[in-house]
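>>> Only the shape, not the letters, is given here:
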C-alpha cells in the first residue's frame, strides 16, 4: 500500500507534469495532419480525388488510386512527414491519388453502395485511365475501402492492373471480434429509418467498446510526454484524426451491415450490386493482401479467407506485425511495409 509520503510525492509529480504540459500546449498554435503536398484533380458531388505531387518521374507510370474507409478521414495515411504511408509510397516511386469521401449530411441518406462503387469509384478510375492514357490502373483499398475495392475488382477486372488491400474485412462469419457479433443483432433498418445518415460518433462508440481500457491507458501514457512537444504533437495529431468522424449515408450503411456483416453474402457468392452477382473469381488481377497480425478490429480470419475465393493466380499475403492502425502510422510501416508494397506494385507495372 502507498504511505502518505508516497501519495504526496505522486501528487507533486503529477502536478508538475500538468504544469509543464500546460506550458507545452501554450506553445502549440495549430495541429496539422495530411500535409504531404497534393492537388485536387477531380470531384463529383461531395467526393473528391487528390493527386500527391512529385518532383521526379515515378518508377511506375501506371497510377495508383487509394480508397480509405468512410467512417474516418484518410488523413491517418498522412499523419505527419515521418509517419505517412502516402508520402512513403510516393518516395518509393509510385504515382499516388487518393479518394476523399467528403462529409455527408441528411441530404445524402439515400446514397447507395452502388452510388459509391459503380458511380464515384468507377468514375474516378475512368478519369485516371483517360488522364494517363492507360487501360488499367493500380488500386489500393484500406479497411472498408478495401472491401469496396475488392467488389469493384470483381465487377471491373479489365480496369485494374493490380489490387492491394490493407486490413480489409471480407468474411464476416468469425466471432472473434465483438463488432462482428453485435452487427448480427442490431436493427439497422430501425436505425437508418430514424436518423437517415448514421452519425460517425455512434459507430465510433462501438469501436471504443471493443477495448475500453485503451481510452484510459492512452491518457495515462501521455502524462509522461507532456514536456516533450514532438511527442505531444504526435498524440494530438492522432486525437484530431480520431475525432473527425463523418456521418455515413443510411442506405449504403443498411446494405453494408445486412448483406455483408449479417448475411456474409460476399464470400458466399450471393452478394449483388446493381442487379449483378459479385463473383470473386472474376478478380483475376495480381492481388496483395496486407493484414495486421494483432488486429482487434478486423480479425485475421476475416481478411485471409478471401485468398481461396478470388480468381487471381498471382496473389500474396503480407502479415504485418502490429495492430490495425499501426499498418499506417507505425515506424515499421515506414521502414518495411510501404517499401515492400511499392516494390510489389512496381514489379507489376504495365
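Sure, I can see it. As the structure is a computational prediction, the values presented were derived from the model and not from experiment.
>>> neighbouring contacts of stretch 289-309?
Contacting residues not belonging to stretch 289-309 are listed as 143, 150, 164-172, 174, 176-177, 179-180, 207, 210-211, 267, 280-281, 315-324, 326-327, 337, 341 [Cβ atoms under 8 Å, 6 or more residues apart in numbering]. In this view, the C-beta of every residue, glycine as well, is placed from N, C-alpha and C.
>>> Drop anything exposed from those residues.
For these, burial is judged from neighbour counts taken by 16 or more other Cβ atoms under 10 Å, and it is met by 143, 150, 164-172, 174, 177, 179-180, 207, 267, 280, 315, 318, 320, 322-324, 326-327, 337, 341.
>>> Among those residues, which ones are in helices?
Members of the buried ones among the contacts of stretch 289-309 lying in helices (criterion: DSSP state H): 150, 179, 180, 207, 267, 326, 327, 341.
>>> Relative to residue 78, how far out is the last one?
Taking Cβ to Cβ, to the nearest Å as the measure, residue 341 and residue 78 are separated by 15 Å.
>>> since we're on residue 279, how many residues are nearby?
Using other Cβ atoms under 10 Å, residue 279 has 14 neighbouring residues.
>>> just checking, next helix/strand downstream of the lowest-mean-pLDDT helix or strand in the chain?
Among the helices and strands of the chain, helix 4-26 carries the lowest confidence by mean pLDDT, DSSP states H and E, at a mean of 54. Beyond helix 4-26 on the C-terminal side, the first helix or strand identified by DSSP states H and E is strand 38-44.
>>> Not counting that following strand itself, show me its contacts.
48-53, 97-98, 119-120, 123-124, 127, 131.
>>> could you give the mean pLDDT of it?
The predicted model assigns strand 38-44 a mean pLDDT of 97.
>>> residue ranges of the helices in the stretch 101-250 of the chain, please?
113-114, 122-132, 144-155, 178-182, 188-195, 200-208, 213-222, 229-243, 250-255 (DSSP state H, counting those that start in this stretch).
>>> Could you export those helices as CSV, including mean pLDDT?
CSV is the format used below for these (pLDDT from 0 to 100):
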stretch, mean pLDDT
helix 113-114, 98
helix 122-132, 98
helix 144-155, 98
helix 178-182, 80
helix 188-195, 94
helix 200-208, 72
helix 213-222, 57
helix 229-243, 71
helix 250-255, 96
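>>> Tell me which of those helices sits most buried.
Among the helices of the stretch 101-250 of the chain, judged by mean count of other Cβ atoms under 10 Å, the one packed with the most neighbours on average is helix 144-155 (a mean of 25).
>>> Show only the entries of the contacts of stretch 289-309 found in strands.
When DSSP state E defines the strands, the subset of those inside them is 164, 165, 166, 315, 316, 317, 318, 319, 320.
>>> between the residues you listed, which is closest to residue 82?
If you rank the ones in strands among the contacts of stretch 289-309 by distance to residue 82 using Cβ to Cβ, residue 320 comes first, at 18.2 Å.
>>> how close does that closest one sit to residue 136?
Taking Cβ to Cβ as the measure, residue 320 and residue 136 are separated by 26 Å.
>>> same thing with residue 44?
In this structure, residue 44 and residue 136 are separated by 21 Å, where distance is defined by Cβ to Cβ.
>>> Farthest pair within the contacts of strand 38-44?
For the contacts of strand 38-44, and using Cβ to Cβ, no pair is farther apart than 53 and 119, which are 27.0 Å apart.
>>> So for those two, which sits in the more crowded spot?
Neighbours per residue (other Cβ under 10 Å) separate residue 53 from residue 119, with residue 119 holding more: 17 against 11.
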